[in-house]
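In: Give the three-dimensional model of this entry:
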Amino acid sequence: MNKKRSDHSFLLDAIFYLPFVFIFLLIYGSLSITGRASLDKSNVLLITVDTLRADRVSCYDSSHLRTPHFDNLAEQGIVFTRAFANTSTTLPSHANILLGVSPLYHGVHENQHFAVRGNSLTLAEHLKAAGYSTGAFVGAFPLDQRFGLSQGFDIYDDEFGNRSSEKDTDLERKAEEVIARALPWVKSQNSPWFLWVHVYDPHDPYTPPAPYAERYARAPYDGEVAYVDEILGEFLDELRAEQYLEETLVIFTGDHGESLGQHGEETHGFFAYNTGIWIPLIVAGPEIKARKVETPVSHLDIFPTVCDMLDLKKPKFLQGQSLVPAIKGRRFPKRTLYFESLAPHYSMGWAPIQGFIRDNFKFIESPIPELYDIKNDFNETENLASSQELSRYKKRLGEVIKQYTSTDAEKAGRNPDRKSLEKLQALGYAGGSVAARPRKSYSPRDDVKTLLPFHNRSEEALILYGKGEVNLAIKTLKEIITERNDLAVSYVHLAILYLKEKQPQEAIDILELGFSRNPQSYEIFSKYIGTLAKHGRNKKVFELFQSHYQREMDYDPEIWNLLALAYLNSEDADSAKKALEQALSLDPRYPLTQYNYGKLYEWLGLKNQDRRAFGRSLESYKKAIELDPEFADAYIGLGVIYLRSGDFDGGIFCLEKALEIQPDSQLAVYNLGLAYLNSGNNSKALEYFTQYLRDFAKDLSPEEMDKIKAVIRKIERLPQK
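Out: Take a look at the predicted model:
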């Protein structure tokens with residue numbers, strides 16, 4: 001911590017120590033060339049709250065809830081009443097903030113298919129070069145360091161759970177956990193620091209802790225905001241008590257908003273209405289006088305503002321504008337603010353949404369264009385596009401896009417590994433494994449406004465199924481398919497329900513129909529292949545691979561694992577191995593590939609009575625567990641190999657671990673019964689076979705039921721211990 005002294009005290013010290021300072025500079029003068037910040041430089045605290053609507057911060061709008069701690073910060077700083085995110089999803093919004101350029105320049109357009117390029121200069125790197133310690137503490141997987149925003153941070157704390165897990169609890173962490181890690185880091189610093197704290201809590205699903213869950217039972221989103229206000233308030237109070245805030249520039253903002261059902265959007269990421277891109281922005285710190293600024297600003301302005309506030313040289317590539325003139329009460333020039341919402345475009349192939357805000361107007365380009373007077377209609381209820389000549393707005397948007405676009409932007413594109421995709425989908429982000437191919441033109445049928453209602457109904461069908469309304473859920477999805485036969489998600493959801501209902505043929509039939517109507521849909525293709533492979537339709541799998549090549553196959557290890565499964569089912573070990581080698585080349589850290597290698601070598605060991613094959617199987621299962629410590633099936637495979645070698649203790653340990661991870665694992669329960677029976681522990685064997693019969697009777701054929709009952713009767717006649 002760098003305590004600030006009065007100007008007079010500093011002047012006296014400077015005069016008294018002048019000779020010594022002169023000598024020091026003579027000896028160490030070369031250090032000044034590095035541009036290292038002096039120790040009286042202000043610290044920088046960047047706080048980003050995920051999914052935070054500006055109107056849920058009570059200094060913006062007090063009609064919903066009170067946020068006293070956010071308001072307290074606002075009373076000490078500048079409140080920008082018209083601040084906008086340039087994008088409507090988490091990763092690109094934070095890229096905008098930390099890079100100071102638009103998605104057209106850095107190339108990150110949504111969470112799934114992009115990562116920040118390694119040659120990008122982040123705010124953290126810029127401050128680190130100026131002598132700052134840098135730390136980041138983030139709250140959820142969309143900001144995992146694999147997506148590139150860790151550049152320049154001494155510490156990038158993204159330990160929100162098991163990296164290999166898809167469980168929601170392992171994909172995010174509460175605000176108090178983030179702060180509990182960030183605060184000690186601040187207190188350990190001996191030089192100026194830059195701290196970025198990201199909290200995820202207002203994000204869907206809205207599950208505020210007590211007492212906010214009870215207090216906001218009818219508005220759980222507001223409850224999460226109230227919780228975050230309390231936690232961040234405690235954090236700021238602690239910094240204030242330790243006198244850190246006396247010398248810290250604080251920037252508080254949201255990454256994007258949340259629609260909460262307005263415009264037919266339940267959450268965010270589809271549209272670019274103000275519900276999704278209007279965000280709070282508060283700047284506070286030493287010598288900043290409280291006021292409100294109504295001029296429209298955006299996330300791109302944060303990087304250059306920090307530079308000016310710290311008297312650091314601004315990188316030439318920055319596309320935002322320093323807010324210092326507005327902070328100091330001077331005239332701030334009007335500008336054109338670019339925004340986009342391209343997640344549905346890149347993940348599902350829907351028409352793109354791009355636009356700009358200029359003066360009091362907001363133009364949204366899409367097949368059904370929109371124009372709003374946001375001074376008089378900030379909630380965007382009256383589309384003026386039909387009554388206006390739009391050519392000048394389209395021309396202006398084209399100019400903005402050309403001005404902001406970098407030729408290197410496309411290099412940010414990436415094909416996500418399967419585990420990353422599963423995690424993002426577990427957090428509610430929809431999309432395919434590879435970015436959808438753009439088309440030359442789009443019609444109103446492709447507009448997000450046209451397609452989202454069908455998508456919402458498809459999601460609602462899954463909710464109906466979860467409530468036990470099986471027939472209604474299936475009926476709803478069939479109706480959607482009749483109305484829009486090009487919506488891939490409806491076919492996939494219906495297939496999922498059929499599989500849950502133990503109707504694999506119906507699932508295969510609907511996927512075959514969906515693929516015949518949408519042969520370009522990799523989402524349907526991959527689900528179709530997977531369902532066929534897992535139900536022994538091996539010839540059809542081979543046929544599809546030979547006749548329907550899709551470019552996404554070149555990036556997706558999962559599809560090659562499915563092909564390997566089909567070859568394994570056909571006892572074609574050589575072809576299975578080739579498919580696994582292809583999967584391994586695409587993602588060497590994909591645990592399913594190692595698991596399938598284990599299955600392959602286990603089968604070869606059984607077929608040829610080859611101990612070396614069993615040894616390779618064991619090593620592959622271990623590797624799968626190393627890559628994913630929560631991989632229950634890999635523990636089962638390893639346990640079975642141990643049992644085959646006579647290591648009952650090792651086998652039982654692995655099988656019980658599998659059951660701990662996946663309590664409804666039919667294989668784990670059955671094999672534990674066998675393991676205890678073969679080890680002589682008849683009472684435990686009886687316990688597990690009885691559990692097997694009780695829990696999985698509905699999955700057993702009459703013949704299998706009779707066999708299990710016979711085993712139980714036999715064990716009951718054995719000595720128990």
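In: show me the contacts for L397.
Out: By Cβ atoms under 8 Å, 6 or more residues apart in numbering, the contact set of L397 is 354-356, 363, 365. Every C-beta, even on glycine, is put in place using the N, C-alpha and C of the backbone.
In: Am I right that it sits in a helix?
Out: Yes. With DSSP: H, G, I helix; E, B strand; the rest coil as the criterion, L397 is assigned to a helix.
In: which residue is nearest the middle of the protein?
Out: Note on the chain: the residue nearest the mean C-alpha position is P142, at 2.7 Å, using Cα atoms, centre = their mean.
In: Can you tell me, leaving aside adjacent residues, what's nearest to that residue?
Out: Spatial nearest neighbour of P142, chain neighbours left out: T90 (4.3 Å); criterion: Cβ to Cβ, 6 or more residues apart in numbering.
In: Pull the distance from the longest helix anywhere in the chain to the chain's centre.
Out: When the chain is parsed with DSSP state H, its longest helix is helix 220-241. For helix 220-241, the distance from its own C-alpha centre to the chain's C-alpha centre is 23 Å (Cα atoms, centre = their mean, to the nearest Å).
In: ok, so of the contacts of L397, who is nearest Y597?
Out: Y597 lies nearest to Q354 out of the contacts of L397, by Cβ to Cβ, at 45.2 Å.
In: As a check, name the ranges of all helices in the stretch 51-200 of the chain.
Out: Applying DSSP state H, counting those that start in this stretch to the stretch 51-200 of the chain gives helices spanning 68-74, 90-99, 103-106, 123-129, 175-187.
In: could I get these as JSON lines with mean neighbour count, distance to S298 and mean pLDDT?
Out: Listed next are the helices of the stretch 51-200 of the chain as JSON lines, based on neighbours: other Cβ atoms under 10 Å; distance: least, Cβ to Cβ, whole Å; pLDDT from 0 to 100:
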{"stretch": "helix 68-74", "mean neighbour count": "20", "distance to S298": "19", "mean pLDDT": "97"}
{"stretch": "helix 90-99", "mean neighbour count": "28", "distance to S298": "8", "mean pLDDT": "96"}
{"stretch": "helix 103-106", "mean neighbour count": "24", "distance to S298": "12", "mean pLDDT": "95"}
{"stretch": "helix 123-129", "mean neighbour count": "21", "distance to S298": "15", "mean pLDDT": "97"}
{"stretch": "helix 175-187", "mean neighbour count": "18", "distance to S298": "25", "mean pLDDT": "96"}
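In: Make a markdown table from these and add distance to L46 to it.
Out: Formatted as a markdown table, these follow (distance: least, Cβ to Cβ, whole Å):
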| stretch | distance to L46 |
| --- | --- |
| helix 68-74 | 13 |
| helix 90-99 | 7 |
| helix 103-106 | 17 |
| helix 123-129 | 8 |
| helix 175-187 | 11 |
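In: Which one of these lies nearest to K440?
Out: Smallest distance to K440 across those (Cβ to Cβ): 19.6 Å, for helix 103-106.
In: about what we covered before: look up how far P209 lies from the residue nearest to P142.
Out: 22 Å (Cβ to Cβ, to the nearest Å).
In: Check P344 too.
Out: Distance from P344 to P209, counting by Cβ to Cβ: 32 Å.
In: same check, this time on H64
Out: Distance, H64 to P209, by Cβ to Cβ: 19 Å.
In: Pick out whichever of the two has more residues nearby.
Out: For H64 versus P209, neighbours defined as other Cβ atoms under 10 Å are more numerous around H64 (18 against 14).
In: Walk me through the domains of the protein.
Out: In terms of domains, the chain is parsed into 42-331, 631-721 (source: automatic domain parsing).
In: Leaving aside the residues adjacent along the chain, what's closest to S133?
Out: Using Cβ to Cβ, 6+ apart, the closest residue to S133 is W193 (4.4 Å).
In: Might one say that that neighbour is in contact with N43?
Out: Yes. With contact defined as Cβ atoms under 8 Å, W193 reaches N43; the gap is 5.0 Å.
In: Same drill for the two, tell me which one is more crowded.
Out: More crowded of W193 and N43, by other Cβ under 10 Å: N43, with 26 against 23.
In: quick one, phi psi at that one?
Out: Main-chain dihedrals, N43, degrees, to the nearest 10: phi -70, psi 170.
In: Next, the contact list for it, please.
Out: 2, 192-195, 244, 247-249.
In: rerun that using 10 Å as the cut-off
Out: 1-2, 127, 132-133, 186, 189, 191-195, 239, 244-250, 285, 310 (Cβ atoms under 10 Å, 6 or more residues apart in numbering).
In: These in strands, which ones?
Out: 133, 193-195, 248-250 (DSSP state E).
In: And these, which two are furthest apart?
Out: Greatest spatial distance among the ones in strands among the contacts of N43 (Cβ to Cβ): S133 and V250, at 16.8 Å.
In: ok, those two, which is more surrounded?
Out: Legend: neighbour count by other Cβ under 10 Å for S133 and V250, higher for V250 (23 against 20).
In: Would you check how far apart that one and E176 are?
Out: Relative to E176, and taking Cβ to Cβ, V250 is found at 19 Å.
In: Output the domains of the chain in TSV; the columns should cover distance to Y404.
Out: Compiled in TSV, the domains of the chain are given as follows (distance: least, Cβ to Cβ, whole Å):
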stretch	distance to Y404
domain 42-331	4
domain 631-721	43
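In: Which one of those domains lies nearest to Y549?
Out: Among the domains of the chain, the nearest to Y549 by Cβ to Cβ is domain 42-331 (20.5 Å).
In: The closest one spans what distance, first to last residue?
Out: The first residue of domain 42-331 is 25 Å away from its last residue (Cα to Cα, to the nearest Å).
In: Next, report how far it is displaced from the centre of its chain.
Out: Relative to the chain's own centre, domain 42-331 is displaced by 16 Å; criterion: Cα atoms, centre = their mean.
In: same question, stretch 523-540
Out: 28 Å.
In: for stretch 326-340, same thing?
Out: The answer for stretch 326-340 is 30 Å, by Cα atoms, centre = their mean.
In: now stretch 353-363
Out: Offset of stretch 353-363 from its chain centre (Cα atoms, centre = their mean): 27 Å.
In: List the buried residues of it.
Out: 353-358, 362-363 (16 or more other Cβ atoms under 10 Å).
In: Distance to Y200 for those residues - can I get that in CSV?
Out: Shown next, in CSV, are those (distance: Cβ to Cβ, whole Å):
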residue, distance to Y200
I353, 24
Q354, 27
G355, 27
F356, 29
I357, 27
R358, 32
K362, 28
F363, 32
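In: Could you point out the member of those that lies closest to A573?
Out: Distance to A573 across the buried residues of stretch 353-363 (Cβ to Cβ) is lowest for I353, with 49.4 Å.
In: pretty sure that closest one is touching E370, no?
Out: Yes. Judged on Cβ atoms under 10 Å, I353 makes contact with E370 at a distance of 9.3 Å.
In: Which residues are in contact with each of those two?
Out: Shared contacts of I353 and E370, defined by Cβ under 10 Å, 6+ apart, are found at 271-273, 364, 449.
In: Pick out the most distant pair among the residues you listed.
Out: Based on Cβ to Cβ, the longest span within the shared contacts of I353 and E370 runs between A272 and K449 and measures 11.4 Å.
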